[in-house]
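**Student:** Next comes the sequence, and after it the predicted model I'd like to discuss.
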Amino acid sequence: MGDRADRLSSRRKGRSSEQPAESEEQEKPEQSAEPEEQEQQEKPQSAKDLYQGTYMYLPEDLRQEFDLVASEIDTQRQRRNGKKVEKIRHFEPLVVALGLEAIENMDDNALEERLAEFDP
């Protein structure tokens with residue numbers, strides 16, 4: 001499991017080291033810029049700007065459960081500490097990351113059983 005974390009960490013570092021020169025120049029606000037313009041430049045980017053889009057085809061019942069759990073988690077977290085769980089920015093990557101970890105730890109029999117759930 002540590003190997004996977006190392007791989008992900010190195011990928012993230014690789015992505016950030018490829019873009020700094022270009023993105024740093026674009027992100028530096030001009031000193032003559034109006035305060036409103038500086039505030040707009042400092043706002044966090046949307047998940048769609050930060051992440052690469054990936055489309056998945058899911059069985060209807062799994063898609064419904066996915067949406068319900070995402071909504072429930074967001075509501076629970078907002079009640080506990082006032083923070084949101086954004087579906088695209090937080091929940092979807094979390095589900096995929098945890099799913100990958102679980103799959104990596106499965107033996108062949110367990111994997112075959114789970115795969116059979118999706119065959120008609």
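**Tutor:** Perfect, thanks for sending it. Numbering: from 1, shown residues only.

**Student:** pLDDT below threshold where in this protein?
**Tutor:** Counting by pLDDT under 70, the chain shows low-confidence ranges at 1-43.

**Student:** Strands of that one, start to end?
**Tutor:** Here the chain has no strands by DSSP state E.

**Student:** you'd agree residue 85 is up against residue 71?
**Tutor:** No: using Cβ atoms under 8 Å, residue 85 is not in contact with residue 71; the gap is 9.3 Å. From N, CA and C alone the C-beta is placed, and that goes for glycine too.

**Student:** The two: which is more packed in?
**Tutor:** When residue 85 is set against residue 71 and neighbours are counted by other Cβ atoms under 10 Å, the residue ahead is residue 85, at 17 against 13.

**Student:** burial count for residue 70?
**Tutor:** The tally of other residues near residue 70 (other Cβ under 10 Å) stands at 19.

**Student:** Next: the one 3 residues further on.
**Tutor:** Number of residues near residue 73 (other Cβ under 10 Å) recorded here: 15.

**Student:** One more: residue 80?
**Tutor:** 8.

**Student:** Quickly note the distance from it to residue 74.
**Tutor:** Computed with Cβ to Cβ, to the nearest Å, the distance linking residue 80 and residue 74 is 11 Å.

**Student:** Same check on residue 105?
**Tutor:** Relative to residue 74, residue 105 is positioned 27 Å away (Cβ to Cβ).

**Student:** Pick out whichever of those two has more residues nearby.
**Tutor:** Here residue 105 and residue 74 are set side by side on neighbour count (other Cβ under 10 Å), and the busier one is residue 74, at 17 against 10.

**Student:** dump the residue contacts of that one.
**Tutor:** Taking Cβ atoms under 8 Å, 6 or more residues apart in numbering as the definition of contact, the neighbours of residue 74 are 84, 85, 86, 87, 91.

**Student:** any idea which helix is longest in this protein?
**Tutor:** Taking residue count as the measure and DSSP state H as the definition, the longest helix of the chain comes out as helix 60-81.
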